[in-house]
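In: Pasted the sequence and its predicted model underneath.
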Amino acid sequence: MQHGERDIVIKVEGLRNVFGEQVVHDGLDLEVHRGEILGVVGGSGSGKSVLMRSIIGLQTPSAGHVEVLGEDMIGRDDDEAKNIRRRWGILFQNGALFSTLTVAENVQVPIREYFPFIQPPLIDEIASYKIAMSGLDPNAGPKYPSELSGGMRKRAALARALALDPELLFLDEPTAGLDPIGAAAFDDLIKSLARKLDLTVFLITHDLDTLHAICDRVAVIADKKIIAVGTIPELTALDHPWIEEYFSGPRGRAALASTAKKGD
Ligand SMILES: Nc1ncnc2c1ncn2[C@@H]1O[C@H](COP(=O)(O)OP(=O)(O)OP(=O)(O)O)[C@@H](O)[C@H]1O
């Protein structure tokens, strides 16, 4: 399928990132289409997180072009960048919740930042709604992150990422540290929210089950660039040793078998 400019939510062209002597990205290109869940995979240290940081403006690339939701991300002043940031939510790898705030207060932070004129009772209501949407019990609202399980913390962080009704969601290893049942439940939640809320999702993961269960396409980083993007069958049809080893090695085969079983 051909995608018009308006259907491309993230466009990265010729991205180059260098730390000292180390070239992490060189000539990296990627397009993320509206409404898709795009998984990003690659070996440890291949530059997945640096790619995400370049897209969200936390890392200024040495060269290249990054466009998000039709806006050029490089060289923006603070106010302009803030207006674009409002349109996406981010779930960082460790959740990155404020430990001194309750779950409800964490979810309220972005709402208060962007809409300080909204009255507190309404802010409470919006936060409760996001907490419920993320599959947490309403009793979780007054709890502190340290009082929650790992899975509940992820859901709380997801509620905060959804606080401003984003169009785009960035997820950095959302199922890392969860047991397989918790991870599958979190995958289901992401898939269902993405469909219901018309989200575009950029998802970094090492979790083969997640790739099979929820990703529409997968982008593979190796050799400092995106070497392939496509559905898993499209990728496995390619003759590339890393991709073959990744998807067709023992863990890849197990993930495929378990997805096939689920679909019976
Ligand atoms: N701020 C920084 N300063 C120097 N080097 C950095 C910085 N951030 C990342 N790097 C280096 O860039 C490379 C890519 O890092 P990145 O975190 O993007 O890898 P990754 O693919 O996300 O890895 P993992 O799967 O292990 O999380 C690594 O070698 C890392 O050490």
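Out: Looks like it came in fine. Residues are numbered from 1 along each chain as shown.

In: Could you report the separation of C215 from W88?
Out: Between C215 and W88 the distance is 18 Å, computed by CB to CB, to the nearest Å. From N, CA and C alone the C-beta is placed, and that goes for glycine too.

In: Over to G177?
Out: From G177 across to W88, the span is 23 Å (CB to CB).

In: Looking at those two now, which is surrounded by more residues?
Out: Applying other CB atoms under 10 Å to G177 and W88 shows that W88 carries more neighbours, namely 22 against 15.

In: Pull the number of nearby residues for the closest residue to that one other than its chain neighbours.
Out: Leaving aside its chain neighbours, W88 sits nearest to L168 (4.1 Å; criterion: CB to CB, 6 or more residues apart in numbering). Neighbour count of L168, defined by other CB under 10 Å: 21.

In: for I226, same thing?
Out: Counted with other CB under 10 Å, the neighbours of I226 add up to 21.

In: For it, which residues are in contact?
Out: L28, D29, L30, A219, V220 (CB atoms under 8 Å, 6 or more residues apart in numbering).

In: In strands, which of the residues you listed fall?
Out: L28, D29, L30, A219, V220 (DSSP state E).

In: Filter these down to the buried ones, ChimeraX style.
Out: Only the buried entries of the ones in strands among the contacts of I226 go into this ChimeraX selection, using 16 or more other CB atoms under 10 Å:
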select :28,30,219,220
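
In: now, the most widely separated pair of the ones in strands among the contacts of I226?
Out: Greatest spatial distance in the ones in strands among the contacts of I226: D29 and V220, 12.8 Å, computed using CB to CB.

In: and the helix of greatest length in the chain, average pLDDT?
Out: The longest helix of the chain (DSSP state H) is helix 180-196. Throughout helix 180-196, pLDDT has a mean value of 92.

In: which residues are contacting that helix?
Out: Residues outside helix 180-196 that contact it (CB under 8 Å, 6+ apart): 37, 133-135, 150-151, 154-155, 158, 162, 169, 171, 174-175, 178, 199, 201, 203, 207, 209-210, 213-214.

In: Now the buried members of those.
Out: By neighbour count, with 16+ other CB under 10 Å, the contacts of helix 180-196 hold 37, 133-135, 151, 154-155, 158, 162, 169, 171, 174-175, 178, 199, 201, 203, 207, 209-210, 213-214 as buried.

In: Spit out the contact partners of the closest residue to I118 other than its chain neighbours.
Out: Using CB to CB, 6+ apart and skipping the chain neighbours, the partner closest in space to I118 is I111 (6.6 Å). Neighbour list for I111: I118, I123, I126, A127, A163, L164 [criterion: CB under 8 Å, 6+ apart].

In: Please read off the pLDDT at D78 from the model.
Out: 78.

In: got the ones in strands among the contacts of I226 as a markdown table, with distance to the ligand and pLDDT columns?
Out: What follows is the ones in strands among the contacts of I226, written out as a markdown table (distance: CB to the nearest ligand atom, whole Å; pLDDT from 0 to 100):
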| residue | distance to the ligand | pLDDT |
| --- | --- | --- |
| L28 | 12 | 97 |
| D29 | 17 | 97 |
| L30 | 14 | 97 |
| A219 | 12 | 96 |
| V220 | 11 | 95 |
